[in-house]
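> give the three-dimensional model of this entry:
(2 chains)
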Amino acid sequence: MSDPAYLELDRLTRAFAGRPAVHELSIGVAEHEIVTLLGPSGCGKTTTLRMIAGFEQPDSGRVVLEGRDVTGLAPQKRGFGMVFQHYALFPHLNVGKNIAFGLETSGNTKQEIQERIARALDLVRLPGIEDRSVGSLSGGQQQRVALARALAPEPRVLLLDEPLSNLDAALREQTRRELRALVKEIGITTVYVTHDQEEAFDLSDRIAVMRAGRLDQLGLAEDLYHRPATEFVATFLGRAGAVEAVAEGFAEGGSVRCRLSDGVVWQAIPPEGGVAMESGAGLRLLARPEALVFVSPEDDGALRGRVLDRRFAGSVYVYTVKVEDGELEVQAAGDAAREGDVVGVAPRRAPAGIFAFPRRRAESE
Amino acid sequence: MSTAQGGRRKQLSPRGRLLMLAVFVLLIWAVVYPNFVVLAESLSGDGTITLRRYAEFFRTPSELRALWSSIWISAATVLLSALIGVPLAFLFARIEFAGRRVLGALAAMPVLLPPLVGVIAILFLYGESGIATRLVQSALRLDAPPWRLYGGSAILAVHAYSMYVYFYLFTLAGLARLDPAVHEAAASLGAGRVRTLTRVTLPLLTPTLAGASLLTFMTSMGSFSAPYVLGGGFRVMTTQIFSSKLQGETSMAMVETVMLAAVSLLVLWPLARWEGSREYVAPGKGTQAARVPVKSRWAAIGVPLIAGVGVALLLLPHLTLLLISLVPDGSWTTQTLPPRYSLENYAQLFGEARTFRPIVNSLLMASAATFIAVAMALAVGQLVVRWRVRGRGALEAMLALPWALPGTVLAIALATTFSVNQPWAGRFVLVGTAWILVMAYTLRVLPLTGRAALAGFRQLDPSLEEAAASLGAGPWRTLRRVTIPGLLPAIAVGASLAFVTGLGEFVASIVLYTHRTRPISIEILSQLRDFDLGAAAAYGVLLMLIVAAAFTLGQRWIQGGERSAG
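Predicted structure coming up:
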């Protein structure tokens, strides 16, 4: 993390009709960085983006840009570009006039405006469509025109609200790579909102995982995947099976020894920040499918279970295995087991991909 | 989706708060207050509150007869209009035949006739010395006219003619909204045509039919032109109020006004709730149902022929109006058809200051009312749809209230409230000025512009305005460059409806006009009294043309808006 942050969200809080949408959210975004707000719908990510843009006023907390508090500033005075989920292209203006809209106020001459429209369209690889009506464009083209329109006034921050959610799957994947290349080329500080973890992995420098209005974890994609801070992060990014366990002290390297059913003990990575996990405490153990292997049920350290089903997942298969205190997923070859087989499951290379979290007390997801 | 919208409503800025206050005060003063003045005056007597006059109302047989007439005429109008309009809509929506498009469009033509104009057109056609009457009389060699266009049945006939259009247009729109898949589903479940109609199609159309019934009933309750011109001794509440007022029985006029308003609201309440409680939204995108082509050769000729004759009958009043407008004053006496035709009447209309004045008056007053009503509707639309404010429902209700009150009620309320000078009570002398007419027109058209503006705002994606702000546009630039252009199709529809309503307005005008401020409708009436039928018809044709032009223009705007929106 570079400091001080270029764009800083400082304990942002916002409630709707008494229900908190965003609570004490603090995130620092470095200059030129792309930070993604990732979470399920209703987690407060869009509200957060709208508070950055100025469309929502926080109940408390600040939005700070280059050390200057912009919280009370009207959206039109912030100089932030925004791309909306449904693009919000002005239907009564053609492509050129849509892009010109943000250029007309800053004392540009007609000629300069024309040049900048052309440059913006070049940038999104749609040169020469100034005179087209926006209704005649395809979804992907509309998305790129919306981007060109947001970028043309050279904003200080670019805000993107699920801009790819209306594209079909193939186009979405191609567009997100182009989008990252483009944003990196310009070097604009960007906040991106999505509920799609693959999109977040592809696009972001860092990802902020949000849940119920709070920040669960902020970090590099790899960190979130390999060292999730919460059970939610572990399951929301990538797959993980879960079983109940009991803590049995720490092993060397800081990993936790977890006792499972049948007296089997596995080592697992504790959450960052070292939550108290004294011996005897109830744990939940989460394991990535690729971190587990099939072994003989009689082996030492093998957890016995029965195969429930087998799913084809491209180059490999993922098996769901019912064990005594939960269900695990194991990634293996197609002929490794059949439905109904009794198998043994063991860590491939403990504690990698196996995480221990304190058992939640009746907390709702 | 509704919660997303709710979450996107803006908090009210200080400027918005001021706007809210101004709009609220203005609406209460103009829409609600005059009605309370009427209510208060109907109850006041001997310096206290008294129900004495209401007791008198209920003791007087002629009053009760008028009230009963209003109610049964309205109910019968609903029934008759539905019987004409609904089958007609099914015919044009469901069956494919030669000339369907043209005939289908022509079937809505009665809307081109403002209330009074429609009545006199029918009078010219079927009245005692009407063309059709004379034709039948001479064909059958009768000594007397074969029928008399008079009383309740005449009013009912005129109502059915001018109001079946509501059922026709509503049903057409309702059928277009239905997902054809539900009919296919019914058929696949073994339902025949009749069963599908009675068990699926008609139930799905209930909100539509309820809406049309409501509109027809309210219009009929407030109808004044037909009972006034054709009623003779047959009184309904509106004409009863007018005659009380004319005879100086002001306090009885107040009681009658309150009674009419009360009955109207009493009917409106359950019907509106019934309409609102049965909103069916087609879940699928749906395509237009395929029209059934006529099969037999006889039907291929017969259906267009019957439809054509029917539509021709509907257009006869228009043609009659045109014909009479070409008849020079005094040239047509006992002949079946007028012997001479010229453009004399039109030349007179535009050539003489006395006859041109009403045209100018109507144009100015209708324009002013349209402008004010659009501005108020936009302000309310902005507040109700975009901002998170208390009292949104009240604002919306006030915008719609004049719709529930017959024109006569509004006119009496305004005439009563603004005939005294009590600035501290918000009452000024406006009677006798053009302003009171503008105010009456504004109130009468406010529900039209209001409905259009609210629909426009609800369809306008709020992120368009946010996009403008994120591109550096302040509130005014956003309003001018994004909001207004986005609302234009809706505003155009509302404004053109409002303008033509104001232009042909008769019901409130007859209570509030003076010689100097007389609008076209009043002038038509006075030409009719002077037996200058040609001049009256010429005014009627002029109104008809302006109405047609306004509708066409409004339609253009919609299509233009839709085209650019893609």
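> skipping adjacent residues, who's closest to the most centrally placed residue in chain A in space?
Relative to the mean C-alpha position of chain A, the nearest C-alpha, by Cα atoms, centre = their mean, is the one of residue A:38, at 3.1 Å. Distances taken as Cβ to Cβ, 6 or more residues apart in numbering or on different chains place residue A:200 nearest to residue A:38, at 4.5 Å, with adjacent residues excluded. Where you see a C-beta, it was placed from the backbone N, CA and C, and this is true even at glycine.
> what's the local residue count around the one you found?
If you count neighbours by other Cβ atoms under 10 Å in any protein chain shown, residue A:200 ends up with 26.
> separation between residue B:336 and residue A:189?
87 Å (Cβ to Cβ, to the nearest Å).
> returning to that earlier point: tell me how far the residue nearest to the centre of chain A lies from chain B.
20 Å (Cβ to the nearest Cβ, to the nearest Å).
> which SSE is the residue nearest to residue A:38 in?
Using DSSP states H and E, residue A:200 sits within helix A:197-203.
> same check on residue B:72?
Following DSSP H and E, one finds residue B:72 within helix B:61-94.
> beyond that helix, next helix or strand please.
strand B:95-96.
> OK, contacts around the residue nearest to the centre of chain A?
A:45, A:194-195, A:197, A:200, A:207-210, A:236-237 (Cβ atoms under 8 Å, 6 or more residues apart in numbering or on different chains).
> these in helices, which ones?
A:45, A:197, A:200, A:236 (DSSP state H).
> list just the nearest of the residues you listed to chain B.
residue A:45 (13.4 Å; Cβ to the nearest Cβ).
> just give the closest residue to the closest one, not the sequence neighbours.
residue A:37 is the one closest to residue A:45 (Cβ to Cβ, 6+ apart), at 4.0 Å.
> can you list the weak-confidence ranges in chain B?
When residues are selected by pLDDT under 70, those of chain B lie in B:1-12, B:190, B:275-290, B:557-566.
> if we use 50, what do you get?
B:1-7, B:281-286, B:561-566 (pLDDT under 50).
> show me where it has its strands.
B:10-11, B:44-45, B:48-49, B:95-96, B:292-293, B:387-388 (DSSP state E).
> list the buried residues for the helix holding residue B:72?
B:63, B:66-67, B:69-71, B:73-78, B:80-82, B:84-86, B:88-93 (16 or more other Cβ atoms under 10 Å in any protein chain shown).
> now stretch B:116-126
By 16+ other Cβ under 10 Å, the buried positions in stretch B:116-126 come out as B:116-126.
> for chain B, what's the nearest residue on the stretch 151-300 of chain A?
residue A:153 (6.4 Å).
> that residue: what secondary structure?
coil (DSSP: H, G, I helix; E, B strand; the rest coil).
> and if you look at residue A:82?
Secondary structure, three-state DSSP: residue A:82 is strand.
> tally of neighbours for it?
Counted with other Cβ under 10 Å, residue A:82 comes out at 30.
> then residue A:59?
Using other Cβ under 10 Å: residue A:59 sits among 15 other residues.
> chain center to stretch A:133-149, what's the gap?
Taking Cα atoms, centre = their mean, to the nearest Å, one finds the center of stretch A:133-149 at 25 Å from the center of the full chain.
> wait, the residue nearest to residue A:38 touches residue A:219, no?
No - using Cβ atoms under 8 Å as the test, residue A:200 is too far from residue A:219 to be in contact (11.7 Å).
> which of the ones in helices among the contacts of residue A:38 sits closest to residue B:28?
Distance to residue B:28 across the ones in helices among the contacts of residue A:38 (Cβ to Cβ) is lowest for residue A:45, with 42.6 Å.
> let me see the contact set for that closest one.
Residue A:45 touches A:37-39, A:193, A:195, A:210, counting by Cβ under 8 Å, 6+ apart.
> and the residue in chain A that chain B sits nearest to, which of the three is it?
Closest to chain B within chain A is residue A:135: 1.5 Å, counting by Cβ to the nearest Cβ. With three-state DSSP as the basis, residue A:135 sits in helix.
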